[in-house]
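K.L.:
Please work out how this folds:
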Amino acid sequence: MAGNDLRADLDVFLAGHEAELIEFRRDLHAHPELACAEHRTTRRVALRLAAEGLRPVILPKGTGLLVDIVPPNYPEQNPFAERAVVALRADIDALPMADEKDVPYRSTIPGACHACGHDVHATVLLGVGLFLAGQAAAGLLPGRVRLVFQPAEETAGGALDVLAAGGIASVGRIFALHCDPRLDAGHLGVRSGAITAACDKIEVRVSGPGGHTARPHLTADLVYGLGKIITEVPAALSRRIDPRSSLSVVWGRVSAGTAANAIPDSGVVEGTVRCLDDEAWHSAPDLLKGLIDSVASAYGLNAEFSYQRYVPPTVNDQASTAMISAAALGVLGAGSVVQTAQSLGGEDFAWYLESVPGALARLGTRVPGSAASYDLHQPTFDVDERAIGVGVRVMAATAITALWDDGAIVAQPLPGVTGP
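P.N.:
Below you'll find the predicted structure:
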């Protein structure tokens, strides 16, 4: 567990590195890179870690990286060699939107902005890597820690790339933070169970013979039938699934027809499916297809149904949530850990939790006492940069807490993916 010595060590480390980390974050913020194009970000992180004597490994597609931090003489003649490997993950990509802040570190890349805090996540994990490297060199790290700098979270493909590369092979537990602009800096929001929702895309294309609006009874009234799909499918869904799953469909785009007096022969509606329950998420495609076919056939329409998986719900393991809570309390103090609400936003950290237990927590980034109210994915998004040091404390302490608390599994070498 995180004790007084760890807290003191973190105090010393941050006294010497916090200014560097803030400058590093500002550099990433000024040079955002979109999903699968994070070459500069990957290079900057890799070079800084390598300067500390670590050996970062670039992921096969060229962006994102893994690095293991190990105690001396590991695994030979090391009492910690049988402990579970603990992974810490940060996403590194930006959003395709303009940066509208008036700050010196405003984005210099047109149409790209770190409006979700991934620059903070990456900087926190870099700081954790530097700190834990020092702990390992001093013989104070009780096992192996893997840092995962993940690309392409915003397109929901980066976590799958990490998994395909064997990035969590031998990992026994995994943790991550996400910025929360509605929580004061200095606080950590935790929740056991579902913390974010599944987020999938649904598309329905309907077709019929078309005709004149004067004679809807002689054809299939496509716009009326499409309207029924839009209204009746979400309503029926609420009576076919446990409401505690929060399975919902919300439509975002609809298109049909070009003339006021012509019944069109085709139309389309698109939306998202969100869900907090893993079982309901797995059953959603078949259930929705049945409901859509039923409504469409009632109005003489053919329906083509497309369901695109993005991410499952992020379901925090109870033991992992307890670990990150205890670690945060140990290094931040009483009152620093609060319960956070469930979100229907999607987060591809969920893919890791399909394979190993872990927890995602929310890092407070709001200036305490501030009247300003930012939200994620806004062009004015910014953070209280004191949150960086808070994140380093929490993640470093969590890794050490998990290493001490977990049972033993045999650790395997880092998978041999492409180096820098």
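K.L.:
ok, now how distant is residue 358 from residue 270?
P.N.:
Applying Cβ to Cβ, to the nearest Å, the value for residue 358 to residue 270 is 32 Å. Heads up, the C-betas are built off the backbone N, CA and C, glycines and all.
K.L.:
I meant residue 341, not that one.
P.N.:
On the measure of Cβ to Cβ, residue 341 and residue 270 end up 27 Å apart.
K.L.:
what's around the residue lying closest to residue 299 once chain neighbours are set aside, how many residues?
P.N.:
Using Cβ to Cβ, 6 or more residues apart in numbering and skipping the chain neighbours, the partner closest in space to residue 299 is residue 225 (3.3 Å). Other residues lying near residue 225 total 22 when counted by other Cβ atoms under 10 Å.
K.L.:
Tell me which helix or strand residue 205 sits in.
P.N.:
Element membership for residue 205 (DSSP states H and E) is strand 198-207.
K.L.:
For that strand, list the C-alpha coordinates in CSV.
P.N.:
Backbone C-alpha positions of strand 198-207 (Å, rounded to 0.1, in the frame of the first residue of the first chain) are rendered in CSV as follows:
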residue,chain,number,x,y,z
ALA,A,198,-21.0,1.0,-24.8
CYS,A,199,-21.2,3.3,-27.9
ASP,A,200,-22.2,1.7,-31.2
LYS,A,201,-23.5,3.1,-34.5
ILE,A,202,-26.7,2.0,-36.1
GLU,A,203,-28.0,2.6,-39.6
VAL,A,204,-31.4,1.7,-41.1
ARG,A,205,-32.0,2.0,-44.9
VAL,A,206,-35.6,1.5,-45.9
SER,A,207,-37.0,1.1,-49.4
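K.L.:
Report all helices and strands that that strand contacts.
P.N.:
Applying 3 or more Cβ pairs under 8 Å, 6 or more residues apart in numbering; DSSP states H and E, one finds that strand 198-207 contacts helix 222-237, strand 266-275, helix 278-298, strand 302-311.
K.L.:
Swap in 6 Å and give it another go.
P.N.:
The contact analysis (3 or more Cβ pairs under 6 Å, 6 or more residues apart in numbering; DSSP states H and E) places strand 198-207 against strand 266-275, helix 278-298, strand 302-311.
K.L.:
With respect to residue 45, which of the ones you listed lies nearest?
P.N.:
Closest to residue 45 of the helices and strands packed on strand 198-207, according to Cβ to Cβ: strand 302-311, at 23.8 Å.
K.L.:
Indicate each strand paired with that closest one and its parallel or antiparallel sense.
P.N.:
Paired with strand 302-311 in the same sheet, following DSSP bridges, are strand 198-207 (antiparallel).
K.L.:
residue closest to the middle of the protein?
P.N.:
For the chain, residue 347 is the residue whose C-alpha lies nearest the centre (Cα atoms, centre = their mean; 3.5 Å).
K.L.:
Skipping its backbone neighbours, what lies nearest that one in space?
P.N.:
Ranked by Cβ to Cβ, 6+ apart and with sequence neighbours excluded, the top spatial neighbour of residue 347 is residue 196, at 4.3 Å.
K.L.:
for the one you found, what are its contacts?
P.N.:
Residue 196 makes contact with 314, 343, 345, 347, according to Cβ atoms under 6 Å, 6 or more residues apart in numbering.
K.L.:
swap in residue 237?
P.N.:
Counting by Cβ under 6 Å, 6+ apart, residue 237 touches no other residue.
K.L.:
Quick one: end-to-end length of stretch 142-151, please.
P.N.:
28 Å (Cα to Cα, to the nearest Å).
K.L.:
Give the rounded mean pLDDT of it.
P.N.:
Per-residue pLDDT values over stretch 142-151 give a mean of 97.
K.L.:
Tell me the buried residues in stretch 252-263?
P.N.:
In terms of neighbour count (16 or more other Cβ atoms under 10 Å), stretch 252-263 has its buried residues at 254, 256, 257, 263.
K.L.:
Straight-line length of it, end to end?
P.N.:
22 Å.
K.L.:
Over to stretch 156-172?
P.N.:
23 Å.
K.L.:
Buried ones in that stretch, by neighbour count?
P.N.:
Neighbour-count burial for stretch 156-172 flags 156, 157, 158, 159, 161, 162, 165, 167, 168, 170, 171, 172 (criterion: 16+ other Cβ under 10 Å).
K.L.:
where's the nearest residue to the last one once chain neighbours are set aside relative to residue 319, distance?
P.N.:
Sequence neighbours aside, residue 84 is the residue nearest to residue 172 in space, at 2.9 Å (criterion: Cβ to Cβ, 6+ apart). Distance check for residue 84 against residue 319: by Cβ to Cβ, it reads 12 Å.
K.L.:
Give me the more crowded residue out of those two.
P.N.:
Per other Cβ under 10 Å, whichever of residue 84 and residue 319 has more neighbours is residue 84, with 21 against 15.
K.L.:
Wait, that one touches residue 170, no?
P.N.:
No. Contact criterion Cβ atoms under 6 Å: residue 84 and residue 170 do not qualify, at 8.3 Å.
K.L.:
Show me the common contact partners of the two, please.
P.N.:
Going by Cβ under 6 Å, 6+ apart, no residue sits against residue 84 while also sitting against residue 170.
K.L.:
If you tally nearby residues, what's the number for residue 332?
P.N.:
So residue 332, with other Cβ under 10 Å, has 19 neighbours.
K.L.:
Wait, a strand at residue 172?
P.N.:
Yes. Assignment of residue 172 by DSSP: H, G, I helix; E, B strand; the rest coil places it within a strand.
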